[in-house]
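Novice: Generate a structure from the sequence data that follows.
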Amino acid sequence: MATIAFLGAGMMGQPMIRNFLRGKHQVTVYNRTVEKARPLEALGASVAASPKAAATGADVIISSLTNDEASRAVWTGKDGALQAGLKSGAFAIESSTVSLEWVAELSELATAKGLRFLDCPVAGRPDVAEAGQLKIFAGGEASDVEALRPVLSAISKSVMHLGGVGSGITFKLIYNVMGAIHVAACAEGMFACEAAGIDIAVAAEGFSTGATGSPHVVRHSRYMAENKHEDPVQFSGRMRIKDVDYGIGLIESVGAQSVIGHATRNVFAQMVEHGMGDHNDSELIDTLRIAHQRAS
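Specialist: So this is what the prediction gives:
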């Protein structure tokens, strides 16, 4: 079993850590707010005071954080993981949804320290993470991906190797832009039905069981119809904007267009404008209602 340093015990990190522990791995956790990591001690994890302390001697170092800034801090800060006494040939894994530019920079920094770097962003909400059913989009050397599969199997149902370093996060960002588009389209369609006098519970069934019924539409149309949203918040409007911003930047950097991506970002920006940026993304329909009322 592997000795794992896990950096970030947030909504996604905690269930991933629990599954590594269930898989009999030895896990040391660092989280900026130490109290959030304490419940993991009862399950067998150790809690470190710094990323450096967590990473010292680890076989695998994994981060699961909010954005570039948070990731940079735990890897390269004064007491960052890359300042630790690192085991030569250990794995450095970035599983956060961050920018391609940061992944490329982190890869260089980790490789210079003798680490094997993989970008392994994950797809799935906290409930999927709890079930150990995440999808992992891996970028890096094929041999490194294969070597790490036994460890990653504790948290995932599939590991898709996309290519060299950076290909995992490239795919994940495009994937997340598409996901945000589905949610925004669902909110617009559901509210349009409501405005037209159609029972939105019936509309949700129609969208979910027809050709429009992607997993996002099935999930979100139900929440919108029932006006019952996830508690605690699983994926906020503000986080949608963050992911779409990274994704649009990536898409346009390769010369492709993201017309629908920009439109989707503008729709989610309404959530922030109406003071709902930290609400569930399914509550986007409520911001459309507000906008409609103001325009009436």
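Novice: residues touching the nearest residue to residue 283 once chain neighbours are set aside, list them.
Specialist: In space, and not counting its chain neighbours, residue 283 is closest to residue 229: 5.5 Å by CB to CB, 6 or more residues apart in numbering. C-betas here are computed from N, CA, C, even on glycine. If you count contacts by CB atoms under 8 Å, 6 or more residues apart in numbering, residue 229 has them with 223, 279-280, 282-283.
Novice: And residue 31, by the same measure?
Specialist: So residue 31 contacts 7-10, 13, 37, 47 (CB under 8 Å, 6+ apart).
Novice: make it 10 Å
Specialist: By CB atoms under 10 Å, 6 or more residues apart in numbering, the residues touching residue 31 are 6-10, 13-14, 17, 37-38, 40, 47-48, 51, 54, 65, 74.
Novice: List buried residues within those residues.
Specialist: Listed as buried from the contacts of residue 31 are 6-10, 13-14, 17, 37, 40, 47-48, 51, 54, 65, 74; burial here means 16 or more other CB atoms under 10 Å.
Novice: what about residue 27, which SS state?
Specialist: Three-state assignment for residue 27 (DSSP: H, G, I helix; E, B strand; the rest coil): strand.
Novice: what about it, how many neighbours?
Specialist: A count of neighbours around residue 27, defined by other CB atoms under 10 Å, yields 26.
Novice: For it, name its beta-bridge partners.
Specialist: Residue 27 has the following beta-bridge partners by DSSP bridges: residue 4.
Novice: hey, where'd the helices end up in the stretch 151-296 of the chain?
Specialist: For the stretch 151-296 of the chain, the helices defined by DSSP state H, counting those that start in this stretch cover 167-195, 200-209, 215-226, 237-253, 259-273, 284-295.
Novice: Can you give me the buried ones in the shortest one?
Specialist: Judged by neighbour count using 16+ other CB under 10 Å, the buried positions of helix 200-209 are 200, 203-205, 207-208.
Novice: try stretch 31-44
Specialist: For stretch 31-44, by 16+ other CB under 10 Å, it's 31, 36-37, 40.
Novice: before we move on, the earlier item: adding mean pLDDT, write the helices of the stretch 151-296 of the chain out as CSV.
Specialist: Listed next are these as CSV, based on pLDDT from 0 to 100:
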stretch, mean pLDDT
helix 167-195, 98
helix 200-209, 98
helix 215-226, 97
helix 237-253, 98
helix 259-273, 97
helix 284-295, 94
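Novice: hang on, the earlier thing: and which of the buried ones among the contacts of residue 31 is nearest residue 88?
Specialist: Nearest to residue 88 among the buried ones among the contacts of residue 31 is residue 54, at 17.8 Å by CB to CB.
Novice: For residue 182, see how far away the closest one is.
Specialist: Distance of residue 54 to residue 182, given as CB to CB, to the nearest Å: 36 Å.
Novice: Mind naming the longest strand for the chain?
Specialist: strand 156-163 (DSSP state E).
Novice: what does that strand rub up against?
Specialist: 16, 19, 118-120, 122-124, 128-129, 131-142, 144-146, 148-149, 152-153, 167-172.
Novice: quick check: domain ranges of this structure?
Specialist: Taking automatic domain parsing as the criterion, the chain consists of the domains 3-164, 170-295.
Novice: Tell me the buried residues within the contacts of strand 156-163.
Specialist: 16, 19, 118-120, 122-124, 128-129, 132, 134-140, 144-145, 148, 152, 167-172.
Novice: the helices in the stretch 1-150 of the chain, which residues?
Specialist: Using DSSP H, counting those that start in this stretch, helices in the stretch 1-150 of the chain cover 13-22, 34-37, 51-55, 68-76, 100-112, 126-130, 142-152.
Novice: Adding distance to residue 243 and mean pLDDT, write those out as a markdown table.
Specialist: Output for the helices of the stretch 1-150 of the chain, formatted as a markdown table (distance: least, CB to CB, whole Å; pLDDT from 0 to 100):
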| stretch | distance to residue 243 | mean pLDDT |
| --- | --- | --- |
| helix 13-22 | 17 | 98 |
| helix 34-37 | 22 | 92 |
| helix 51-55 | 24 | 98 |
| helix 68-76 | 12 | 98 |
| helix 100-112 | 13 | 98 |
| helix 126-130 | 16 | 94 |
| helix 142-152 | 22 | 97 |
